[in-house]
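Participant: How does the following fold in three dimensions:
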Amino acid sequence: MAYQKGSVRLDKAVAAQTQFSRKDVHKMLSRGQILVNGLPVRNFDARVDLSQDEIVVDGQLLALTQYSYLMLHKPRGVVCATADAALPTVLDLVPEELRRSGLAPAGRLDKDTTGFVLLTNDGAFSHRILSPRSHVPKTYLALLDKTPDHSMVEAFAAGVALSPDKHDNLGNGEACPKKIVCMPARLELVEGAPRAARVVIRQGMYHQVKRMFAAFGITVTSLHREQIGGLPLDPSLPEGACRPLSAEEVARIGMESF
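Facilitator: Numbers count the residues shown, from 1 in each chain. Reported below is the predicted structural model:
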């Protein structure tokens, strides 16, 4: 069998994208239960090209990819973590057939914030979209206890000054000693809903949207992430559900939408 440059280990790929352990995969390889392009493979070091090779495990055709990218519609009360002793996590909502080794949220939403969470085991991609250098915009719909005015639109565009928080840092783990001026953000007043606003930010500081409104004496009563980059939350995806993203959708995450 010819293997192309950039191929991955068969045992690692199967274990990462199924519920089988590496030990289980090795047992199936020994028994000839894993076929690549119709032929049984028994070599533990065998490598495959996930873009071309057909892989069958114990009679089931697997659609393996090197990485997994999931869109999750996060409900209120669920934490963006891989594990939590007291509360359900976003990973608890992933159905068994979509669970992969290394799957984790790319960024965080507050426990009481709902909406689009990206889950992936592609660490490089996750780092890239979260990096301050990338400034991938995130779009939120905020419900407020007071009506924002048009002067705030200009203030958000100029950069809102926030009081420091212990969770803020300058990239070296040290707390910011003075007020922080946010990067320019876009604030849109929602027609017909005087106590609602849409906010697009390029940063991800702790409780940033809530703190931006708090700077004007306004409390956010509900916050929902609608979009990451150029990819909106699928309106047909129920709260608490998730689904894989297509390659085109993954590409749209990195597109500008500010």
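Participant: in the stretch 151-258 of the chain, which spans are strands?
Facilitator: Assigned by DSSP state E, counting those that start in this stretch, the stretch 151-258 of the chain shows strands spanning 161-162, 180-181, 186-189, 196-201, 220-228, 231-232, 242-244.
Participant: How about the contacts made by the most far-flung residue of the chain relative to its centre?
Facilitator: The C-alpha centroid of the chain is most remote from Arg31, which lies 37.8 Å away (C-alpha atoms, centre = their mean). By C-beta atoms under 8 Å, 6 or more residues apart in numbering, the contact set of Arg31 is empty. Just so you know, the C-beta spots here come from the backbone N, C-alpha and C atoms, and that holds for glycine as well.
Participant: Ok, Ala158 next?
Facilitator: Pro184.
Participant: And it, what's its pLDDT?
Facilitator: pLDDT recorded at Ala158 is 97.
Participant: Could you measure from it over to Ser151?
Facilitator: Going from Ala158 to Ser151 by C-beta to C-beta, to the nearest Å gives 11 Å.
Participant: Ser246 now?
Facilitator: 41 Å.
Participant: Same question for Leu93.
Facilitator: Leu93 is 40 Å from Ser151, by C-beta to C-beta.
Participant: Where does the prediction get shaky in the stretch 1-150 of the chain?
Facilitator: 1-6 (pLDDT under 70).
Participant: Let's see that with 90 instead.
Facilitator: 1-9, 11-22, 45, 48-53, 58, 60-68, 95-102, 128-135 (pLDDT under 90).
Participant: Leaving out the residues flanking it, which one is nearest to Asp24?
Facilitator: Take Asp24 and drop its neighbours on the chain: the residue closest to it by C-beta to C-beta, 6 or more residues apart in numbering is Ala15, 7.6 Å away.
Participant: would you say the one you found is within a helix?
Facilitator: Yes. The assignment for Ala15 is a helix, going by DSSP: H, G, I helix; E, B strand; the rest coil.
Participant: Look at Ala83 and tell me its secondary structure.
Facilitator: Going by three-state DSSP: Ala83 is coil.
Participant: thought it was touching Asp92?
Facilitator: No. The criterion here is C-beta atoms under 8 Å, and Ala83 misses it with Asp92 at 9.2 Å.
Participant: Spit out the residues that contact Ala158 and Ser151 alike.
Facilitator: If you check Ala158 and Ser151 against C-beta under 8 Å, 6+ apart, no residue is contacted by both.
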